[in-house]
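S.K.: Here's a sequence, model it:
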Amino acid sequence: MKSIPAPRLLATFGCGALVCVLAGIGLSGLASVLAIVVVGFFNSIMFPTIFALSIKNLGALTKRGSSLLVMSIIGGALIPAAMGRISDASNIRVALVVPLICYLYVIYFAINGYKPNATLPILQPVAAAEAK
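M.R.: Have a look, this model is predicted:
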């Protein structure tokens, strides 16, 4: 993390996870299983990097932003449940489309999604109140 910029590292690991999920869908047997196991390696830096990029430049909204990010961990419980339901209705290869979509979003976030666009007018009074 000291020698590689966080957004680039997150995008690289997101692409690695995406390729592994695609391999898990497209391959069969042990190769497929190993590809899915390697996804865990690529997940290793995701949450701390996403967290750091998300709260960067939030200023007075840093506390609120970080609390929302911590609450968003519930997605870690919802995504496997959605995969299980899809897998029961069809098969595991179809269910792997769910994390595939998630990794596409992680890649988008790493490339451009973490950059703030502008201060939303609705948040300006909140930011002013928190600054006091």
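S.K.: Ramachandran angles for Pro5?
M.R.: Dihedral pair for Pro5: phi -60, psi 140, per degrees, to the nearest 10.
S.K.: Based on its surroundings, how many neighbours for it?
M.R.: By the criterion of other Cβ atoms under 10 Å, Pro5 has 10 neighbours. C-beta here means a position set from N, CA and C on the backbone, and glycine is covered the same way.
S.K.: Offset the numbering so it begins at 18, please.
M.R.: I'll keep to 18 as the first residue from here, and by that count the last item is Pro22.
S.K.: now it: how far from Ile96?
M.R.: Pro22 sits 27 Å away from Ile96, going by Cβ to Cβ, to the nearest Å.
S.K.: all helices for this structure, in order.
M.R.: Using DSSP state H, the helices of the chain run over residues 23-43, 46-60, 63-72, 79-88, 92-106, 109-112, 114-125, 141-148.
S.K.: right, so those helices: which one is the most enclosed?
M.R.: Of all the helices of the chain, helix 23-43 carries the top mean neighbour count, a mean of 18, counting by mean count of other Cβ atoms under 10 Å.
S.K.: helices or strands up against that helix?
M.R.: Counting by 3 or more Cβ pairs under 8 Å, 6 or more residues apart in numbering; DSSP states H and E, the packing neighbours recorded for helix 23-43 are helix 46-60, helix 63-72, helix 114-125.
S.K.: can you put the ones you listed in a markdown table and add distance to Ser104 and mean pLDDT?
M.R.: Formatted as a markdown table, those follow (distance: least, Cβ to Cβ, whole Å; pLDDT from 0 to 100):
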| stretch | distance to Ser104 | mean pLDDT |
| --- | --- | --- |
| helix 46-60 | 13 | 96 |
| helix 63-72 | 23 | 91 |
| helix 114-125 | 9 | 96 |
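S.K.: can I get these in a markdown table with distance to Leu26?
M.R.: Below are the helices and strands packed on helix 23-43 laid out as a markdown table (distance: least, Cβ to Cβ, whole Å):
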| stretch | distance to Leu26 |
| --- | --- |
| helix 46-60 | 11 |
| helix 63-72 | 6 |
| helix 114-125 | 12 |
